[in-house]
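Asks: have a look at this prediction, sequence included:
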Amino acid sequence: MENSLIIIPTYNEIENIERLLKSIYDINPGYHVLVVDDNSPDGTAQEVVKLQESYPDKLHLISRAGKLGLGTAYITGFKWAIERDYEYVFEMDADFSHDPVYLPHLHKACQNGKADMAIGSRYVSGINVVNWPLGRIMMSYLASAYVRLITGMKIRDTTAGFKCYRAHVLRTISLDTINFKGYAFQIEMKFAAWKLGFRITEVPIVFTDRRHGNSKMSGGIFNEALWGVIIMKFRSFYRNYGTKRTSSD
């Protein structure tokens with residue numbers, strides 16, 4: 001698993017980060033992890049520095065100057081991974097809503113050659129969400145349906161943030177052209193990969209809402225997704241997301 005990097009953006013996740021890292025390394029001690037911290041006031045980055053002693057050469061940290069957005073955190077991580085020639089690159093949240101137990105399932109979906117991107121999907125086999133109020137479940141489910149309608153993608157969970165990429169996907173996408181900084185970033189990355197002809201599959205997971213720390217969701221995030229998807233679709237008619245995949249890739 002030394003060819004696999006898990007990118008975890010953090011902001012005030014000190015209550016979760018140690019337990020999450022232990023869970024990841026209990027599943028496979030060969031994983032490499034990159035924490036991208038946005039100057040968390042609660043000391044998340046300092047905690048990661050301490051934990052690096054327990055996971056030498058496997059736990060990495062990028063500390064940024066402030067809260068710069070989820071999308072830019074992942075783009076920073078993607079570029080870091082590409083520079084170091086990782087073959088598989090994962091996205092996951094720090095709050096245990098993405099259970100590390102599914103990491104091998106996502107990896108296998110890409111490793112067997114059938115997918116270039118594997119999505120940990122809440123909706124590919126029904127609705128598998130725990131501890132969310134019904135209103136939030138319906139909002140998320142309908143948001144995915146809305147994105148499918150506007151974009152034409154067949155993905156059931158278009159807003160999912162638990163993913164595994166084969167690195168050539170990230171090398172192919174022009175990462176500097178990705179506009180969204182909030183949760184709509186997850187939609188835009190899927191859309192870019194889909195437009196470029198990459199094979200995308202969904203792996204069923206059970207999504208459990210965070211038990212510790214505070215949610216980063218806000219009304220602005222939903223507004224970005226609502227109007228941003230229409231703008232993204234319009235721009236796609238004249239925009240180049242990268243070099244289109246061919247059947248020989």
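Replies: The structure has been received and is ready for your questions.

Asks: contacting residues around the strand or helix carrying Gly77?
Replies: Assigned by DSSP states H and E, Gly77 belongs to helix 70-83. Identification of contacts with helix 70-83 by Cβ atoms under 8 Å, 6 or more residues apart in numbering yields 5, 7, 9, 34, 36, 38, 60, 62, 64, 89, 91, 167, 170-171, 175-176, 178, 180-183, 185, 188-189, 216. Placement of C-beta: from N, CA and C, glycine included.

Asks: just these: which are in strands?
Replies: For those, the ones inside strands are Leu5, Ile7, Pro9, Leu34, Val36, His60, Ile62, Val89, Glu91, with DSSP state E as the criterion.

Asks: would you turn those residues into a markdown table with distance to Leu106 and pLDDT?
Replies: As requested, these are exported to a markdown table (distance: Cβ to Cβ, whole Å; pLDDT from 0 to 100):
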| residue | distance to Leu106 | pLDDT |
| --- | --- | --- |
| Leu5 | 13 | 98 |
| Ile7 | 13 | 98 |
| Pro9 | 17 | 97 |
| Leu34 | 16 | 98 |
| Val36 | 19 | 98 |
| His60 | 20 | 98 |
| Ile62 | 22 | 98 |
| Val89 | 11 | 98 |
| Glu91 | 10 | 97 |
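
Asks: which parts of this structure are helices?
Replies: Secondary structure of the chain by DSSP state H: the helices cover 17-27, 44-51, 70-83, 103-111, 134-151, 167-172, 184-195, 219-235.

Asks: for the record, mean pLDDT for the shortest one?
Replies: Confidence over helix 167-172 (mean pLDDT, whole number) is 96.

Asks: list the buried ones in that helix?
Replies: Ala167, Val169, Leu170, Thr172 (16 or more other Cβ atoms under 10 Å).

Asks: low pLDDT regions in this protein?
Replies: Within the chain, the stretches with pLDDT under 70 are 1, 210-223, 225, 244-249.

Asks: just the buried ones from the contacts of helix 70-83, in PyMOL syntax?
Replies: Selecting the buried subset of the contacts of helix 70-83 in PyMOL, with 16+ other Cβ under 10 Å as the burial test, is done by:
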select buried, resi 5+7+9+34+36+38+60+62+64+89+91+167+170+175+178+180+181+182+183+185+188+189+216
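
Asks: can you pull the contacts of Pro204?
Replies: If you count contacts by Cβ under 8 Å, 6+ apart, then Pro204 has Ser121, Val124, Ser125, Asn128 around it.

Asks: sorry, wrong one. I was asking about Ala45.
Replies: Thr10, Val35, Asp37, Asn39, Leu61, Ser63.

Asks: before we move on, what about Ile7?
Replies: Applying Cβ under 8 Å, 6+ apart, the residues near Ile7 are Val33, Leu34, Val36, Ala73, Tyr74, Gly77, Phe78, Ala81, Val89, Phe90, Glu91, Met92.

Asks: repeat that for Lys58.
Replies: Lys58 touches Tyr25, Pro29, Gly30, Tyr31, His32, Val33, counting by Cβ under 8 Å, 6+ apart.

Asks: can I get the contacts of Ile7 in JSON lines with distance to Tyr102?
Replies: Below are the contacts of Ile7 laid out as JSON lines (distance: Cβ to Cβ, whole Å):
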{"residue": "Val33", "distance to Tyr102": "16"}
{"residue": "Leu34", "distance to Tyr102": "19"}
{"residue": "Val36", "distance to Tyr102": "21"}
{"residue": "Ala73", "distance to Tyr102": "21"}
{"residue": "Tyr74", "distance to Tyr102": "18"}
{"residue": "Gly77", "distance to Tyr102": "19"}
{"residue": "Phe78", "distance to Tyr102": "20"}
{"residue": "Ala81", "distance to Tyr102": "20"}
{"residue": "Val89", "distance to Tyr102": "16"}
{"residue": "Phe90", "distance to Tyr102": "10"}
{"residue": "Glu91", "distance to Tyr102": "12"}
{"residue": "Met92", "distance to Tyr102": "9"}
